[in-house]
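Participant: Test case, fold it:
(chains A and B)
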Amino acid sequence: MYSELSAMNNRHLAMGLILILAMISRGVDFGKTPAGITDDESSHGYNAYSLLLTGRDEYGKTWPILNRSFGTYSSSLYTYMTILPVKLFGLNPVSIRLPSLVSGLIFVVLVIAALGPAAGFVVAISPVFIFYSRAAFETNLALTLLFLGIVLAVRAASRPKMLPLSFLFLSLSAYAYQVERVLSVILISLIAVYYWKTRKKIVILSLLLALLIQIPIMFISFTPGANSRISTLAGRGNYPFLFLTYFSPSNLFSRPDPAPRKSFPQVSVFYWWMIIPFIMGIKKFISSKSYKSLFGKSLVVSVIVSPAIAAATPDYFSTWRALPMFLTLAWIISMGLGKSKMVYFFMLLISSFEIYSNLVLLKHEGSTAWGYQYQALANFVRSHSDETIVIDNARSGPIYIWLALYNHYPPQKLQSMVDTEWLKDYYNHVEFDLNKTIDNVQIRPIFWKSDALTDQILISDSLGISASQADEHFLTLVTIIPDINAQPALYVYQTHPALKISATQRDSI
Amino acid sequence: MKVFGIVLALVLTISTYLRLLSLTNLDIYAISVRRSYYPPPISRIFQNKLTTGFYQARTQVFSLLSFDYVFRTLGYE
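Facilitator: As a prediction, the model looks like this:
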């Protein structure tokens, strides 16, 4: 009995240490690394703010099932989960990213409880799970809900009342991210078949509950909005090749995700040295027949279905779409780790070194990609509210959302730009115009023929307004908006129409 | 599996050594720029020729394990 107590204490100690490790890797410099906030994150935050204040999103839609966002109709659950942090802590990067952080920590706890401390340790230190917990990623929330659903489904073997809860969370995951819309249905079907013979009544009840929860999303499934991502992305790549990239050792253990806002700069999904326990773990996974349990079957389904969906898009190795598969791979890695404490100690040491270094590089080298410069831009716009400002958007995303976020635009201001007839057809508007005019600010490309002849401020990067163009059009530099390394990111110029006109007249004589 | 681990370690070590000998001026410049991101007392630990050489070696060795490489070798795109 004493040895049992001792083992239990050791287990609890391990769990506590792993959780602390997860909190440190995900929480250090939280909100500031990555530096800046992306347009998608800003959309979540601002729409949460808008819903909090008015019960409507930025377009005036009451409690949408999908957020129109920028015509991409993103899943809405993350936005709703952001409402409470925004209410408590204000509209800022920390409150916007908080649901992802909390999801990531809950996920670690679930993995420890369901798959053991070794798997929890791997998830706590793996770059992919750390990264997606540090910023507002719907896929991270979706993964936590999905895995919670799987855990509850397994527990239902001894406690049948867990099954409806399981289906509840699996269905909710469909509202968190697009991949889970398909994956949750497959898993629900798998679990229903698994329990059909032994727990028929409760399976039927659970299925009805799942159907009820999924009715809203099924209702809009055939609208252009609900399919906007699939219709714009699907079928544009070499599918077999793209599918296999998700299993390529180089992509899993060495090469970072090629998308600049989807990875640490110098580490991959897992650390390079994890390939060794991974190969050892495959052998154990097969020999122990772990894949035959409900857990195993569910995770095998995840490792096949999520890359199968991700490969339908032309993006080469999109980790955010395939996130569920990495849990299975982390589990396999944990099987190959063994029990030596020294091994775990060295892994902790090496991973700490790599993660710290990559956090620093992510903060400094990714700041422009993460929109760091837009906070200073918003400050400039706020302090020049009596001047006409043109912000060049030829190479940027929807700049208006950063201005709305940082300057806390009243939601009614953006909502008033949409008419009620347009709103009736909310899920059918996949077109999106990046050009916007809000008060004194025009967000559009620069037209030199007219813009140089109007008294206004022009803002662009060095490609939009070069030094020679500034000379040619008699622009004077007002200020430079830097990135986090004090390197120029945006240039702010004042036009001088009188000088330009007289120069033009001189040239024409 | 131990054999695989030893072979991998050996290949990475040799490759890192070769990379160290062939670092370019641009690589050296990148190291100095990146050092400025870290607190001065520890910047040299994280950014130096060894870490840069190892990163390049690792990328090169693992690229041989990539399915893209296999695809290209087999003549598929």
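Participant: residues contacting residue 49?
Facilitator: You didn't say which chain, so I picked chain A. Shown in contact with residue A:49 (CB atoms under 8 Å, 6 or more residues apart in numbering or on different chains): A:86, A:91, A:405, A:408, A:411. C-beta coordinates here come from the backbone N, C-alpha and C atoms, glycine included.
Participant: Chain B is the one I meant
Facilitator: Taking CB under 8 Å, 6+ apart, one finds B:20, B:23, B:28, B:31 in contact with residue B:49.
Participant: Model confidence score at residue 37, please.
Facilitator: The chain I'm using is chain A. If you check residue A:37, the pLDDT there is 96.
Participant: ah, no, chain B please
Facilitator: Here the pLDDT value assigned to residue B:37 is 95.
Participant: how about the helices in chain B?
Facilitator: Under the criterion DSSP state H, helices of chain B are mapped to B:2-21, B:25-35, B:40-46, B:49-63, B:67-74.
Participant: again with the stretch 101-250 of chain A
Facilitator: A:117-125, A:127-133, A:138-155, A:162-173, A:178-196, A:200-219, A:228-233, A:239-245, A:249-253 (DSSP state H, counting those that start in this stretch).
Participant: Just put the ones you listed in JSON lines and tack on mean neighbour count.
Facilitator: As requested, the helices of the stretch 101-250 of chain A are exported to JSON lines (neighbours: other CB atoms under 10 Å in any protein chain shown):
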{"stretch": "helix A:117-125", "mean neighbour count": "26"}
{"stretch": "helix A:127-133", "mean neighbour count": "25"}
{"stretch": "helix A:138-155", "mean neighbour count": "25"}
{"stretch": "helix A:162-173", "mean neighbour count": "23"}
{"stretch": "helix A:178-196", "mean neighbour count": "20"}
{"stretch": "helix A:200-219", "mean neighbour count": "16"}
{"stretch": "helix A:228-233", "mean neighbour count": "15"}
{"stretch": "helix A:239-245", "mean neighbour count": "18"}
{"stretch": "helix A:249-253", "mean neighbour count": "23"}
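Participant: OK, contacts around the residue nearest to the spatial centre of chain A?
Facilitator: Nearest to the mean C-alpha position of chain A, counting by CA atoms, centre = their mean, stands residue A:137 at 2.2 Å. Contact analysis of residue A:137 by CB under 8 Å, 6+ apart lists A:78, A:100, A:320.
Participant: Apply the buried test to those residues and list what passes.
Facilitator: A:78, A:100, A:320 (16 or more other CB atoms under 10 Å in any protein chain shown).
Participant: Which one of the residues you listed is nearest to chain B?
Facilitator: Chain B has its nearest neighbour among the buried ones among the contacts of residue A:137 in residue A:320, at 20.1 Å by CB to the nearest CB.
Participant: and that closest one, what pLDDT?
Facilitator: Residue A:320 carries a pLDDT value of 94.
Participant: just checking, it touches residue A:132?
Facilitator: Yes. Look at residue A:320 against residue A:132 with CB atoms under 8 Å: they come within range, at 7.1 Å.
Participant: Sticking with residue A:40, tell me its helix or strand.
Facilitator: Taking DSSP states H and E as the criterion, residue A:40 maps to helix A:39-54.
Participant: show me the contacts for the residue in the stretch 401-509 of chain A positioned nearest to chain B.
Facilitator: Nearest residue of the stretch 401-509 of chain A to chain B, counting by CB to the nearest CB: residue A:485, 7.7 Å away. Under the criterion of CB under 8 Å, 6+ apart, the contact list for residue A:485 reads A:364, A:367, B:36-37.
Participant: Just want the angle from the helix or strand of chain B with the lowest mean pLDDT to helix B:49-63.
Facilitator: Ranked by mean pLDDT, DSSP states H and E, the helix or strand of chain B with the weakest confidence is helix B:67-74, at a mean of 71. Counting by axes from the mean of the first three to the mean of the last three CA atoms, to 10 degrees, helix B:67-74 points 50 degrees away from the direction of helix B:49-63.
Participant: now what about helix B:67-74, what contacts it?
Facilitator: For helix B:67-74, contacts defined as CB under 8 Å, 6+ apart pick out A:241, A:244-245, A:247-248, A:250, B:63, B:77.
Participant: which one of those residues is nearest residue A:157?
Facilitator: residue A:247 (30.7 Å; CB to CB).
Participant: quick one: contacts for that closest one?
Facilitator: The contact partners of residue A:247, taken as CB under 8 Å, 6+ apart, are A:307, B:67.
Participant: and what of residue B:57?
Facilitator: Applying CB under 8 Å, 6+ apart to residue B:57 gives the contacts B:12, B:15-16, B:18-19.
Participant: For stretch A:350-364, what is the distance to the chain centroid?
Facilitator: Relative to the centre of its chain, stretch A:350-364 is centred 20 Å away, using CA atoms, centre = their mean, to the nearest Å.
Participant: buried stuff in that stretch?
Facilitator: Residues of stretch A:350-364 classed as buried by neighbour count (16+ other CB under 10 Å): A:351, A:354-364.
Participant: Relative to the whole chain's centre, how far out is the helix holding residue A:40?
Facilitator: Remark: helix A:39-54 is offset 15 Å from the chain centroid, using CA atoms, centre = their mean.
Participant: Beyond it, next helix or strand please.
Facilitator: strand A:66-67.
Participant: now the contacts of residue B:57 in CSV, with neighbour count, pLDDT and distance to chain A?
Facilitator: Below are the contacts of residue B:57 laid out as CSV (neighbours: other CB atoms under 10 Å in any protein chain shown; pLDDT from 0 to 100; distance: CB to the nearest CB, whole Å):
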residue, neighbour count, pLDDT, distance to chain A
B:12, 18, 93, 8
B:15, 18, 94, 12
B:16, 22, 95, 12
B:18, 13, 94, 17
B:19, 21, 93, 14
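Participant: what inclination does the helix holding residue A:40 have with respect to helix A:138-155?
Facilitator: Counting by the same axes, to 10 degrees, helix A:39-54 lies at 80 degrees to helix A:138-155.
Participant: Just the buried positions in helix A:39-54, please.
Facilitator: Of the residues in helix A:39-54, those buried by neighbour count under the rule 16+ other CB under 10 Å are A:39-51.
Participant: got the residues of chain A near chain B?
Facilitator: Residues of chain A lying near chain B by CB under 8 Å from any CB of the partner chain: A:238, A:241, A:244-245, A:247-251, A:253-255, A:266, A:272, A:275-276, A:279-280, A:283, A:353, A:356-357, A:360-361, A:363-365, A:485.
Participant: could you redo the last one with a cut-off of 6 Å?
Facilitator: Within chain A, the positions near chain B by CB under 6 Å from any CB of the partner chain are A:244, A:248-250, A:254, A:266, A:272, A:276, A:280, A:357, A:360, A:364.
Participant: Mind picking the two most distant members of these?
Facilitator: A:280 and A:364 (36.2 Å).
Participant: for the contacts of helix B:67-74, which one is nearest residue A:209?
Facilitator: Of all those, residue A:247 has the smallest distance to residue A:209: 35.0 Å, by CB to CB.
Participant: Tell me the pLDDT of the closest one.
Facilitator: pLDDT at residue A:247 comes out at 93.
Participant: same deal with residue A:496?
Facilitator: Note on residue A:496: pLDDT of 95.
Participant: Can you pull the phi/psi pair for it?
Facilitator: Reported as degrees, to the nearest 10, the phi and psi values for residue A:496 are phi -130, psi 80.
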